[in-house]
Every structure is written in structure tokens, then in C-alpha cells.
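S.K.: Give me a 3D structure for the following:
(one chain, ligands or ions: 1)
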Amino acid sequence: MSETHRDQYLIREEPYYRTVEDEVRLYEAAYAARMPVMLKGPTGCGKSRFVEYMAWRLERPLITVACNEDMTASDLVGRFLLDADGTRWQDGPLTVAARIGAICYLDEVVEARQDTTVVIHPLTDHRRCLPLEKKGELVEAHPDFQIVISYNPGYQSLMKDLKQSTKQRFGALDFSYPGAAIEAEIVAHEGGIERDQADRLVQVAQRSRNLKGHGLDEGMSTRLLVYAAQLMAKGIEPRAAAQMALVRPLTDDPDMRDTLDAAVDTYF
Ligand SMILES: Nc1ncnc2c1ncn2[C@@H]1O[C@H](COP(=O)(O)OP(=O)(O)OP(=O)(O)O)[C@@H](O)[C@H]1O
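M.R.: Predicted coordinates for the structure are as follows:
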């Protein structure tokens, strides 16, 4: 595999990542052991940003796959394609990652069907290999290869959960929305607004998070707070920005919308 091929997956510039706890040290140790890692936490709380940051820090290529329920094992592993000269094998992202020694990040892996998820099993234990059954090849993972998955326990249902035999192949790091001061620092930095405005956005979000399970499936994510901040930085009045970025995406229920709008009005 050519160096150029590997290079295209390298992250050149340091991604902004605000450390929350001990996650960098723990991840580094897991990577050093080439332990598969599961990042658990709600949507938009910094999991993807963390993997990008770690890939940059460790100088490893990063291949990200957004999983969905229509995804098949071939989408991960590869397939034969028909072209003018006949058939040609094309590696899927997991196979590419295993060959070039990338960190392969499977985002929202629980979305994938279980028969798709099991293809990662031989890569996540001592075998560290990937059988390409259709091609009749056994790919030995490059020594730098590591698999990382993200998983939102909140969305879990009986139909959609990872098998124990999958879960128990990973070390897991818990992610959640950071404490108010750190989250405001992130929102101010990412959104380009003053700190006191960011503090207020975080207060609104914290209110919404208390409503989780009481009419809301999820509270406002850090990602949404960054969106609101970005609108404010473009000159949109805070109330309008908060309604557009924080309240409307979250709920279609008129009562809940009024409750959240009232929370916005308290702070802006
Ligand atoms: N600790 C952090 N440091 C820097 N930015 C952060 C941090 N946490 C969250 N963010 C900001 O929040 C945004 C959303 O985070 P990210 O995309 O990593 O979420 P995620 O947890 O991967 O969500 P999903 O599961 O929906 O993919 C980022 O683009 C970034 O702006």
C-alpha cells in the first residue's frame, strides 16, 4: 500500500479538543496496547472530535465510517465491482484501515445490523485479521491498526443493542456533556462568541437536559450550542439563534417548545 494512500487519511492540523477528564491518557494507553475502544455517550458531546484529536496526536491515519441499518458487511469489507475490463476487487473502509494501519472509527455502530457488526470480531481479538471471504484473502492487520466504535446508550432498545460478544471486545470510555465551565469554554471557542454569552447558552442546555425522559429524548448537545453560538457570531439576536439552533431541532411538540422557549427567555 503506497505512502500516498496512507497520507490522505492523516490529520494535518491539530483539531481543537478540550480535555475533560483523563480520556487522553487512557486512550493513549489503550492504543499502545492496540485495544479496541468504545466511546459511549450522547450525540454531539465530542466523541468524533476526540478521535480526530487522538489520531492527530498519535500521527495515525483516521478512517471514519458512519454506520446505518442498511449497511452490509460488504460496505465495510469490500466487494467485486464490474468494470470494462471485467471484475475488480475494491477494498471497503475497514479493509483499507487494516492494511494501512489506520484508526478505524465506526460511528454509531449500533445502527448497523448484527450480522454486519460481527465482521469486526476477528479484528478485535488476538487474531487481528480480516477474512475477505468473497476474495479468498486473509488480511493481517497492520501493527498500527486500531478499531474505535461510538455508541449512544440512550438510544438502545432490545432490537438495537450490541451483542455482549461484541461489547466485550472493547475497553470503554464514558463521554457526557462536560461541566458548565468547560462546556462554555468550548462553545465560546468553537462559536466565536464572548464567554458570558456562552455561559448563558450552557445554562439553557442544562435546563433542557433535565427534561430528558420527561418529554425529551435527549437534551441539547454541545454541537447545538456551538451552532447557536455560530449564528450569534454572525449577528443573529441570541433569542432567535437559540430558537433556531437549540429549540426547534429538538422537539416538534408545541408544549415542550414553549417550555424550552421560556428557558431561553430566562437567560437572554
Ligand atoms: N471536548 C471538546 N473539545 C472541543 N470541541 C468539542 C468538545 N466536545 C464537543 N465539542 C464540539 O461539539 C461538536 C460536536 O462534537 P462531535 O461531533 O465530536 O460529537 P459526537 O459525540 O461525535 O456526536 P455523534 O455521536 O452525533 O457523532 C464538535 O464539532 C465540537 O465543536
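
S.K.: In the stretch 1-150 of the chain, which residue sits nearest the ligand?
M.R.: The nearest approach of the stretch 1-150 of the chain to the ligand comes at residue 46, 2.5 Å away (CB to the nearest ligand atom). For every residue, glycine as well, the C-beta is placed using N, CA and C.

S.K.: So that residue sits against residue 222, correct?
M.R.: Yes. Using CB atoms under 8 Å as the test, residue 46 is close enough to residue 222 to be in contact (6.2 Å).

S.K.: Now the common contact residues for those two.
M.R.: Here residue 46 and residue 222 have 178, 186 as joint contacts, going by CB atoms under 8 Å, 6 or more residues apart in numbering.

S.K.: and the biggest helix by length in the chain, does that touch the ligand?
M.R.: Selection of the longest helix in the chain by residue count, based on DSSP state H, yields helix 195-210. No. Interface with the ligand: helix 195-210 contributes nothing (CB under 6 Å from any ligand atom), its closest point being 11.6 Å away.

S.K.: Could you give the average pLDDT over that helix?
M.R.: Regarding helix 195-210, the rounded mean pLDDT is 96.

S.K.: Stretch 251-265 now?
M.R.: 94.

S.K.: Please apply the same query to stretch 113-132.
M.R.: Confidence for stretch 113-132, expressed as mean pLDDT, is 90.

S.K.: how about that stretch as CSV, C-alpha atoms only?
M.R.: This file holds the C-alpha atoms of stretch 113-132, laid out as CSV (Å, rounded to 0.1, in the frame of the first residue of the first chain):
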residue,chain,number,x,y,z
ARG,A,113,-27.3,-4.9,11.8
GLN,A,114,-25.7,-7.5,14.0
ASP,A,115,-24.6,-9.6,11.0
THR,A,116,-22.7,-6.6,9.8
THR,A,117,-21.1,-5.9,13.2
VAL,A,118,-19.7,-9.4,13.6
VAL,A,119,-17.3,-8.8,10.7
ILE,A,120,-15.2,-6.7,13.1
HIS,A,121,-14.8,-9.6,15.6
PRO,A,122,-11.6,-11.2,14.2
LEU,A,123,-10.0,-7.8,14.1
THR,A,124,-10.8,-7.1,17.8
ASP,A,125,-9.2,-10.1,19.4
HIS,A,126,-5.7,-11.7,19.3
ARG,A,127,-6.2,-12.8,15.7
ARG,A,128,-6.1,-9.2,14.4
CYS,A,129,-7.1,-10.3,10.9
LEU,A,130,-9.9,-9.8,8.5
PRO,A,131,-11.0,-12.6,6.2
LEU,A,132,-12.2,-11.4,2.8
